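sequence and predicted model, in that order:
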Amino acid sequence: MSWEEMKDLQLEEKPLPLETKELNGILMTKMMSDNWDKIWNFQAKPDDLLIATYTKAGTTWTQEIVDMIHNDGDVQKCQRANTFDRHPFIEWTLPLPLNSGLDLAIKMPSPRTLKTHLPVQMVPPSFWKENVKIIYMARNAKDSLVSYYHFSRMNKMFPDPGPWEEYIEAFKAGKVLWGSWYDHVRGWWDAKDRHRILYLFYEDMKEDPKREIQKILKFLEKDISEEVLNKIIHHTSFDVMKQNPMANYTTIPTSMMDHSISPFMRKGVPGDWKNHFTVAQNKDFDEDYEKKMAGTTLTFRTTI
Ligand SMILES: Nc1ncnc2c1ncn2[C@@H]1O[C@H](COP(=O)(O)OS(=O)(=O)O)[C@@H](OP(=O)(O)O)[C@H]1O
């Protein structure tokens, strides 16, 4: 069943929001935890490409860039379906008759581009066995938190984020879906030299999309003309993607994602955290951050 057909369903009657359940110390939806064997045994193929992120790091942006690259800048081809149907979300399982990313991924013909928010230690082992190429996009903690907070307000499938002050504490403690931001970005950083992982930063992409897209092209061993590159930069800019129904999640029924509360394509900038954190919250956050990020070479920019 397509998402368009689902719009006609009385989704208010469906059991949403999804319940949560921890697995290996990571908060997941109950459906993900209950389907874990199927997720863990997912069969990757050598020509898959995996886009991995902590949620709200610029996943959809990376997906659109990669799809434009794979389709030589043909916008029409990239309009064939929603990003989440073009690039199945491998751990995402939903009650029937809703589409589960996992089932879409299994059915999809090769070559596949797949999406995950899993922490590195929970990525199905077949991805490592098949030496799959992975693009990891990371975003600074404060902007990730802000984006995640607003997304949790509008996404009725996620637990209610509660008041802002409480959400900051939940994020710091990793008591949010897909667990700790700190462990996620660090785990993938440590894994990057042992596998075929291109580790990118949201802030860098925003600062110089041309430079960052060229890194992706090199990683994918793709050559495109300057004209196509410029087309990709334009088509994947925030303003254009915000208007693109195949990338902005507006095809999802309002009962599941309510863009009037906060749009999926919200602000798309580094530094919006400054409009949210009080001076005291910022100080507390930074002190805790130093402890959690001690000993790593991984650094982030919180503005550009
Ligand atoms: N093209 C482009 N340029 C700049 N920023 C962009 C772009 N596309 C998406 N975004 C912003 O990325 C945030 C959504 O992140 P994700 O796509 O990772 O969300 S999800 O985890 O897949 O639900 C969300 O960030 P916030 O605006 O800060 O909430 C989106 O606006």
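Yes, it's here.

would you map the helices across the stretch 201-304 of the chain?
202-207, 209-219, 226-235, 238-242, 279-292 (DSSP state H, counting those that start in this stretch).

could you dump those helices into a markdown table and include mean neighbour count, mean pLDDT and distance to the ligand?
Where you see a C-beta, it was placed from the backbone N, CA and C, and this is true even at glycine. What follows is the helices of the stretch 201-304 of the chain, written out as a markdown table (neighbours: other C-beta atoms under 10 Å; pLDDT from 0 to 100; distance: least, C-beta to the nearest ligand atom, whole Å):
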| stretch | mean neighbour count | mean pLDDT | distance to the ligand |
| --- | --- | --- | --- |
| helix 202-207 | 20 | 98 | 6 |
| helix 209-219 | 16 | 98 | 8 |
| helix 226-235 | 16 | 98 | 9 |
| helix 238-242 | 15 | 98 | 4 |
| helix 279-292 | 13 | 98 | 17 |
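
any idea which of those helices gets closest to residue 130?
helix 209-219 (16.6 Å; C-beta to C-beta).

buried set for stretch 90-107?
90-94, 98-105 (16 or more other C-beta atoms under 10 Å).

over to stretch 174-186?
Buried-residue list, stretch 174-186, by 16+ other C-beta under 10 Å: 174, 176-186.

secondary structure and distance to residue 157 for these - can I get that in TSV?
Output for the buried residues of stretch 174-186, formatted as TSV (DSSP: H, G, I helix; E, B strand; the rest coil; distance: C-beta to C-beta, whole Å):
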residue	secondary structure	distance to residue 157
174	coil	20
176	coil	14
177	coil	10
178	coil	13
179	coil	17
180	coil	21
181	helix	20
182	helix	24
183	helix	23
184	helix	20
185	helix	24
186	helix	27
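
farthest-apart pair in the residues you listed, please.
Across the buried residues of stretch 174-186, no pair lies farther apart than 177 and 186, at 18.3 Å, counting by C-beta to C-beta.

and which of the buried residues of stretch 90-107 is nearest the ligand?
Nearest to the ligand, judged by C-beta to the nearest ligand atom, of the buried residues of stretch 90-107 is residue 92 at 10.2 Å.

who are the contact partners of residue 117?
The contact partners of residue 117, by C-beta atoms under 8 Å, 6 or more residues apart in numbering, come to 52-55, 59, 89, 91, 177-178.

tell me the one of those residues nearest residue 40?
Closest to residue 40, out of all of the contacts of residue 117 and judged by C-beta to C-beta, is residue 91, at 9.5 Å.

got a pLDDT number for that closest one?
With respect to pLDDT, residue 91 scores 96.

you'd agree it is up against residue 102?
Yes. With contact defined as C-beta atoms under 8 Å, residue 91 counts as touching residue 102 (6.7 Å).

shared neighbours, those two?
With C-beta under 8 Å, 6+ apart, residue 91 and residue 102 have common neighbours residue 39.

what's next to stretch 63-74, contact-wise?
49, 51, 75, 77-78, 83, 86-87, 113, 115, 135, 213, 216-217, 220, 222, 224, 227-229, 231-232, 235-236, 241, 244, 247.

ok, how many other residues are close to residue 161?
19 (other C-beta atoms under 10 Å).

next up, the contacts around it.
Contacts of residue 161 by C-beta under 8 Å, 6+ apart are 148-149, 152-153, 167, 170.

please report how far residue 147 lies from the ligand.
Noted for residue 147: a distance of 3 Å to the ligand, by C-beta to the nearest ligand atom, to the nearest Å.

can you pull the contacts of that residue?
Residue 147 neighbours (C-beta under 8 Å, 6+ apart): 56, 139, 266, 272.

most neighbours out of those residues, which is it?
Of these, with other C-beta under 10 Å as the count, residue 139 tops at 28 neighbours.

so how far is residue 264 from the residue minimising distance to the centre of the chain?
Nearest to the mean C-alpha position of the chain, by C-alpha atoms, centre = their mean, lies residue 59 at 3.6 Å. Distance, residue 59 to residue 264, using C-beta to C-beta, to the nearest Å: 11 Å.

equivalent analysis for residue 76, please.
In this view, residue 76 and residue 264 are 22 Å apart by C-beta to C-beta.

near the ligand, which residues of the stretch 101-250 of the chain?
143, 147, 150-151, 206, 236-238, 241 (C-beta under 6 Å from any ligand atom).

for these, which one is nearest residue 282?
For these, the nearest to residue 282 is residue 143 (12.8 Å; C-beta to C-beta).
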